[in-house]
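Chemist: just a sequence and a predicted model for now, questions to come.
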Amino acid sequence: MVKVLKTKVEIEGRVHEEVVVIDGELPPPWDSKAELEIVGQPVPRVDGAERVTGQARYTSDIQLPGLLHARILRSPYPHARVKSVDISAAEALPGVRAIVYGGNTPPIKWYRASFLFDSTLRHVGDEVAAVAADSLEIASDALRLIKVEYEVLPHITDEQQASDGAAPPVWVDEPRNVIGGEPEVYKRGDVDKAFKDADYVVQATFCTPTALHNCLETHGSVAQWEGDNLTIWDSTQHIFGVRQRVAERLGLALNQVRVIKHYMGGGFGSKGGAGKYTVIAALLARKAGRPVKLMLNRTEENLVTGNRDSTVQHIAGAVKKDGTLLALKLICYANSGAYGGGGMPIAGPVQEMYRCVNVYTESWSLYTNLGRHSAFRAPGFVEGNFALESLIDMLAEKVKMDPLEFRKKNYAERDPKGNL
């Protein structure tokens with residue numbers, strides 16, 4: 001028997017409706033005393049032996065005949081324009097096999113309206129050129145021989161100042177530096193009235209810092225061409241996402257790109273797709289006619305692979321003397337870096353965690369001249385929970401109530417935003 005059901009799905013604070021087709025009868029629910037053979041039983045990890053004996057192969061372990069090693073020349077400035085690049089001295093260095101930069105590479109679209117090697121550099125670490133050589137040492141020496149003339153531009157790094165109208169724009173078509181043009185606003189009930197009617201109101205400002213993933217195995221790829229077919233070994237959480245993006249950027253069919261990941265040394269959300277380094281490795285390998293390994297060093301790992309946004313959160317709560325939560329209000333500013341693709345759901349906890357009829361949130365996701373944000377273990381909710389739960393402690397103290405009892409009294413059994 002086929003059933004068609006509608007269900008609500010929530011992912012990181014965003015709720016949408018999906019249609020599900022169920023073919024056949026639903027299995028009967030297990031009795032609480034059922035003796036289960038698989039669920040709840042210990043199971044040996046299928047990869048455990050390889051991991052603990054050192055047999056597991058990571059991307060950084062890949063060695064191929066004729067393998068070259070690559071390094072990337074990066075912007076030393078938070079905002080600059082590339083006026084000229086001279087690679088002649090680097091090309092003449094013995095052991096250098098290929099160099100790619102904006103002057104000898106087709107314009108490959110990347111973030112927003114920018115390119116793989118863009119003439120405008122929007123944060124320290126943006127890619128300027130890359131070298132493949134017989135060794136990492138030679139590649140590093142070659143980078144120092146590349147002569148670049150920069151025009152240094154004004155920059156902004158503070159999330160609250162980014163939108164004040166006087167800050168230099170990170171993107172010329174977004175003069176206020178606000179992702180999406182406007183803040184994301186959510187409201188239910190009458191927050192202003194609830195604050196007037198409350199016995200107590202508590203207001204506070206909380207800041208959370210940028211957090212970096214620092215995967216034990218840094219981001220990186222090994223690229224090898226066989227005719228028009230490309231094989232990539234990649235340290236990634238999203239094999240098919242890497243294949244899709246590389247194929248699109250290089251004008252290849254999906255069946256021309258194979259992505260291999262045996263093991264990955266940590267990702268935590270930061271390895272959700274192809275990085276510029278992946279396409280750069282492929283370009284260098286094609287130009288040199290040999291496989292290329294491009295693994296980021298620790299400095300690069302911290303500059304260009306994504307981070308958890310820093311935030312400034314202005315939060316307020318209204319409460320009755322008996323501990324009933326009447327209203328919550330949050331205005332938050334998130335530093336999404338130069339290439340942030342959208343706002344993280346920092347307001348999610350305020351909207352969803354507690355049984356509160358009156359809620360107002362205003363979320364500003366802002367471009368700055370810093371490295372981009374990325375997914376990072378419950379993105380947005382970690383930052384939002386810090387501010388919200390700090391406020392809840394303050395409200396409980398205000399009404400002289402045990403903090404746990406205060407939470408139990410106001411906890412939402414169902415998500416008040418999505419009714420899940």
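Modeler: Right, received. Where do you want to start? Numbering: from 1, shown residues only.

Chemist: please count neighbours and contacts with C-alpha atoms only from this point.
Modeler: Will do.

Chemist: domains in this protein, as residue ranges please.
Modeler: Under the assignment automatic domain parsing, the domains of the chain span 62-153+214-304, 161-210+307-410.

Chemist: where in the protein is pLDDT low?
Modeler: Where the chain drops to pLDDT under 70, the residues are 10-15, 420.

Chemist: longest helix in it, by residue count?
Modeler: helix 381-398 (DSSP state H).

Chemist: which other helices and strands contact that helix?
Modeler: strand 200-208, strand 310-319, helix 348-352, helix 403-410 (3 or more CA pairs under 8 Å, 6 or more residues apart in numbering; DSSP states H and E).

Chemist: closest to residue 341 out of these?
Modeler: Across these, residue 341 has its closest neighbour in strand 310-319 (15.4 Å, CA to CA).

Chemist: each with direction, which strands does the helix or strand just after that closest one pair with?
Modeler: Scanning forward in sequence from strand 310-319 by DSSP states H and E, the next helix or strand is strand 325-335. Counting by DSSP bridges, the strands paired with strand 325-335 are strand 310-319 (antiparallel), strand 358-366 (parallel).

Chemist: off-centre distance for the shortest one?
Modeler: What that stands for is strand 358-366. Relative to its chain's centre, strand 358-366 lies at 20 Å (CA atoms, centre = their mean, to the nearest Å).

Chemist: CA atoms of that strand as PDB?
Modeler: Written as PDB, here are the backbone C-alpha positions of strand 358-366 (Å, rounded to 0.1, in the frame of the first residue of the first chain):
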ATOM      1  CA  ASN A 358       6.200  37.400  22.100                       C
ATOM      2  CA  VAL A 359       9.400  37.200  20.200                       C
ATOM      3  CA  TYR A 360      11.300  39.600  17.900                       C
ATOM      4  CA  THR A 361      14.700  38.900  16.300                       C
ATOM      5  CA  GLU A 362      16.700  41.000  13.800                       C
ATOM      6  CA  SER A 363      19.700  39.300  12.300                       C
ATOM      7  CA  TRP A 364      22.400  41.200  10.400                       C
ATOM      8  CA  SER A 365      24.900  39.100   8.400                       C
ATOM      9  CA  LEU A 366      27.600  41.400   7.300                       C
END
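
Chemist: closest one to residue 186 among the helices and strands packed on helix 381-398?
Modeler: Shortest distance between residue 186 and the helices and strands packed on helix 381-398, using CA to CA, is found for helix 348-352: 8.2 Å.

Chemist: counting contacts, what elements does the closest one pack onto?
Modeler: Counting by 3+ CA pairs under 8 Å, 6+ apart, helix 348-352 packs on strand 325-335, strand 358-366, helix 381-398.
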